[in-house]
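S.K.: Please find the sequence and the predicted model below.
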Amino acid sequence: MSWPSNRLIKRAYRKLAGHDELIDYSDWKKALSVDSDFLARRMFSVIDTDHSGYIDYDEFREFVLALKGNDRIAFLFNCYDVDNDGKLTREELRSILSTSLSEQDLALSEDTLDEMVQSVLDAAKVKKHSINVRDLAVLFEHFPDLTLQLDHFLRQLLGQNLQRKKSHRPIADFGKRVNAAMHVSLIPHLWLLVYLAANVYLFASAMTSYAMEGASLAVQIARGGGACLNLNAALVLIPILRSILTLLRHNILHRLLPLDRLTDAHRLFGFAIILFSGIHISAHIVNYVQANQPLLENLFSTTVGLTGVAISACLLLMWRSAQRRKTDYERFVLTHLLYAPFIVAILIHAPNFWLWFTPVAILLLIDALIRFFFRYKRVEITDLKPLSERVTQVKFKRGKHFKFVPGDYIRIRIPAISRWEWHPFTLSAAPESNRIDIHVRHAGNWTAALNNLANKRHKGRQKWTAYIDGPYAAPTSGFYRAPVAVLIAGGIGVTPFASVIHSFLKSARTTPNRLYFHWLNRSQRSYSWFIDLIHQAEAKLGNSRFNATIHLTRLRLNLSNLLLQIAFNAYWGNHKKDALTGLQARTQTGRPDWSQVFSKLRDEHPKTPVHIYFCGPKPLGKELRKEALRQGLLFHEEQFE
């Protein structure tokens, strides 16, 4: 039976038509997935041959067969040919392209739009100022991907979505996958095993010790939980030793430490504190009940009881605020200051805690001295500039002794916004430049206040002061060690890579010897502030050292914008640059197939380690990590706080 069968067409029609078994305009627009009323209504009127205001089954079937058969070009041309004169003039082409651009929330200059129209005429190989149905057929032959897109749309319409077959997905050989897994996971997992073994040993050792003294099982369990609580209450402070950890990241010891997973380690220690506190408290309650001891009297009339209540209260408040960090960052910061009384209470409550806390306290003191003398600064904000998509650029006056490497971040506090809040942001400028700046996306009350401050344009506005704590190293800070580096950014996650690319342009670095850059954005406006730097990189480094790809994830490929895609392709063919960005690299629609992207990288560099650096949404990071391991590539995710 030939595809599509009448049965398949009928099933798709009933799904679209609903209970009334007629497709009205709203049903059709939804099926087409377009926002433009002009294009959707024009296509609806072409299909609705009896002009009843509805598409019945016979009309729907004729439409499907037209798209599948040899009449597809004629059908599409009729949709565009509003006045039915058999030709699309330069003015009509311009109007259709302008409507498609508006539908996709894209904007082009008037000159670029005129050049796109001329490029379509050139690609159709016509000398006149219009095209007919035969010329449109020539364009489809010139751009064969459009035929594949028509087939894809038809399958979607009929509920026959094509899914990638996992068996056909490329994959690296076993040795490369093992090497990548070891690079990304071996050191963290070895440390995790050591950590788990230490907790098991301490728990068992404490239980054994108290069992030998004749303590009840409840007391044994309580002491076991307390021993592990001592360890974790000290370890949870290790990830905040920013200065010391930054020095280690640029030292050969970085190979032996899980420095890219410090945020995960901090969370792990925090959850362990909650777990062992719960075990410790529950076991003591059971012991009080079994021994018929007054619970409230023990809690509120003894030093051990009062400090235990204080520890529990501090822990509960910190845990609760951590759950709401994204929605109430200020409360999260303030409640985490309770860790100081938490530590004091444990020192009083647990007589052996000082043995665990003292080494960490010494490191904290050393770290604090380094930060106070070398990393803590009061600086002047030289400029606040509001950018598109509610991004704010903040420029600071750079001191002579402020040294950093690409990918480093700073913590800043701006008293004009909040007297207490510190926020981490990656430095956008290159170390070789004479300035420092950051780019901040609106993501909460503090960032909204910063954007509002930047938008105030009154005369003689005051100069703002900021306090900087940093710079500190992050996973991207080690990019200069990679022979081949692939930078993948999601939205504002591009900020660490702005510094990397800027430095790559200004310095005489020999590594990386090849730099790839992928930037995923929802909107064309999102990348306007960064595009000039990519232009410079393309011009100076060339394709031999630098390759950039912009992905517009909201840009949809559907039946209504085929002519727009023809125009984009034709413009690039004429000018060898992208109409949207002006880059040599063409803007890609939708989300990329990372399996193909990574396997191509692996094939192009079979004997060279390829390092993937990512900064962006966590779900995308999880997907990239998994695919990088499949392809034997080395993955690093930005987690600096």
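M.R.: That came through, no problem.

S.K.: Am I right that residue 635 is in contact with residue 185?
M.R.: No - under the criterion of C-beta atoms under 8 Å, residue 635 is not in contact with residue 185, lying 9.7 Å apart. For glycine as for every other residue, the C-beta is placed from the backbone atoms N, C-alpha and C.

S.K.: how about residue 42, what does it touch?
M.R.: 79, 80, 82 (C-beta atoms under 8 Å, 6 or more residues apart in numbering).

S.K.: can you do 7 Å?
M.R.: Residues counted as contacts of residue 42 (C-beta atoms under 7 Å, 6 or more residues apart in numbering) are 79, 82.

S.K.: Sort out which residues of the helix or strand harbouring it are buried, please.
M.R.: In this structure, residue 42 sits in helix 37-47 according to DSSP states H and E. The neighbour-count check on helix 37-47 (16 or more other C-beta atoms under 10 Å) flags 38, 39, 40, 42, 43, 44, 46, 47 as buried.

S.K.: For residue 635 and residue 185, indicate the residue with more neighbours.
M.R.: Relative neighbour count places residue 635 above the other of residue 635 and residue 185, with 27 against 16, counting by other C-beta atoms under 10 Å.

S.K.: Same question for that one, what's its three-state structure.
M.R.: When the structure is reduced to helix, strand and coil (DSSP: H, G, I helix; E, B strand; the rest coil), residue 635 reads as strand.

S.K.: Local confidence estimate at it?
M.R.: According to the prediction, residue 635 has pLDDT 89.

S.K.: again, but for residue 110
M.R.: With respect to pLDDT, residue 110 has a value of 90.

S.K.: Residue 532 versus that one, what's the distance?
M.R.: Shown here: residue 110 relative to residue 532, a distance of 21 Å by C-beta to C-beta, to the nearest Å.

S.K.: so what does the strand ranked longest in the chain touch, helix or strand wise?
M.R.: Longest strand of the chain, by residue count under DSSP state E: strand 376-386. The contact analysis (3 or more C-beta pairs under 7 Å, 6 or more residues apart in numbering; DSSP states H and E) places strand 376-386 against strand 391-396, helix 445-454, strand 464-472.

S.K.: Out of the ones you listed, flag the one nearest residue 378.
M.R.: Closest approach to residue 378 among the helices and strands packed on strand 376-386 is made by strand 464-472 (5.6 Å; C-beta to C-beta).

S.K.: That closest one: which residues count as buried?
M.R.: By neighbour count with 16+ other C-beta under 10 Å, strand 464-472 contains the buried residues 464, 466, 468, 469, 470, 471, 472.

S.K.: Isn't the third one up against residue 380?
M.R.: No - at 10.8 Å, residue 468 does not count as touching residue 380 under the criterion of C-beta atoms under 7 Å.

S.K.: and the longest strand of the chain with strand 391-396, angle?
M.R.: Strand 376-386 runs at 140 degrees relative to strand 391-396, counting by axes from the mean of the first three to the mean of the last three C-alpha atoms, to 10 degrees.

S.K.: Output strand 376-386 as PDB, nothing but the C-alphas.
M.R.: In PDB, the C-alpha atoms belonging to strand 376-386 read as follows (Å, rounded to 0.1, in the frame of the first residue of the first chain):
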ATOM      1  CA  TYR A 376      38.500  41.900  48.600                       C
ATOM      2  CA  LYS A 377      38.300  45.300  46.900                       C
ATOM      3  CA  ARG A 378      36.100  48.400  46.900                       C
ATOM      4  CA  VAL A 379      35.700  49.600  43.300                       C
ATOM      5  CA  GLU A 380      33.800  52.200  41.300                       C
ATOM      6  CA  ILE A 381      31.200  51.200  38.800                       C
ATOM      7  CA  THR A 382      32.200  53.100  35.700                       C
ATOM      8  CA  ASP A 383      29.100  52.200  33.600                       C
ATOM      9  CA  LEU A 384      25.700  50.400  33.900                       C
ATOM     10  CA  LYS A 385      24.300  49.600  30.500                       C
ATOM     11  CA  PRO A 386      20.900  47.900  29.900                       C
END
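
S.K.: Let me know the average pLDDT across it.
M.R.: Here strand 376-386 scores 86 as its mean pLDDT.

S.K.: That one vs strand 464-472, what angle?
M.R.: Using the same axes, to 10 degrees, strand 376-386 lies at 110 degrees relative to strand 464-472.

S.K.: Any chance you could list what contacts strand 376-386?
M.R.: Counting by C-beta under 7 Å, 6+ apart, the neighbours of strand 376-386 from elsewhere in the structure are 392-397, 399, 451, 453-455, 463-469.

S.K.: residues near residue 595, how many?
M.R.: For residue 595, the tally of surrounding residues (other C-beta under 10 Å) stands at 17.

S.K.: Numbering from 225 from now on, please.
M.R.: Sure, I'll start numbering at 225, so the last one becomes residue 819.

S.K.: Could you report the distance from it to residue 830?
M.R.: Between residue 819 and residue 830 the distance is 17 Å, computed by C-beta to C-beta.

S.K.: next one: residue 251
M.R.: Taking C-beta to C-beta as the measure, residue 251 falls 52 Å from residue 830.

S.K.: Settle it for me: which of these two has more neighbours?
M.R.: Set side by side, residue 251 and residue 830 show unequal neighbour counts under other C-beta under 10 Å, the larger going to residue 251 at 18 against 10.

S.K.: Verify the stated contact: that one with residue 243.
M.R.: No - using C-beta under 7 Å, residue 251 is not in contact with residue 243; the gap is 11.3 Å.

S.K.: how deep is the closest residue to residue 279 other than its chain neighbours tucked in, by neighbour count?
M.R.: Spatially, and ignoring its direct neighbours in sequence, residue 279 is nearest to residue 247 (4.0 Å; C-beta to C-beta, 6 or more residues apart in numbering). As a burial measure, residue 247 scores 23 neighbours (other C-beta under 10 Å).

S.K.: again, but for residue 771
M.R.: Each residue near residue 771 was counted by other C-beta under 10 Å, and the total is 18.
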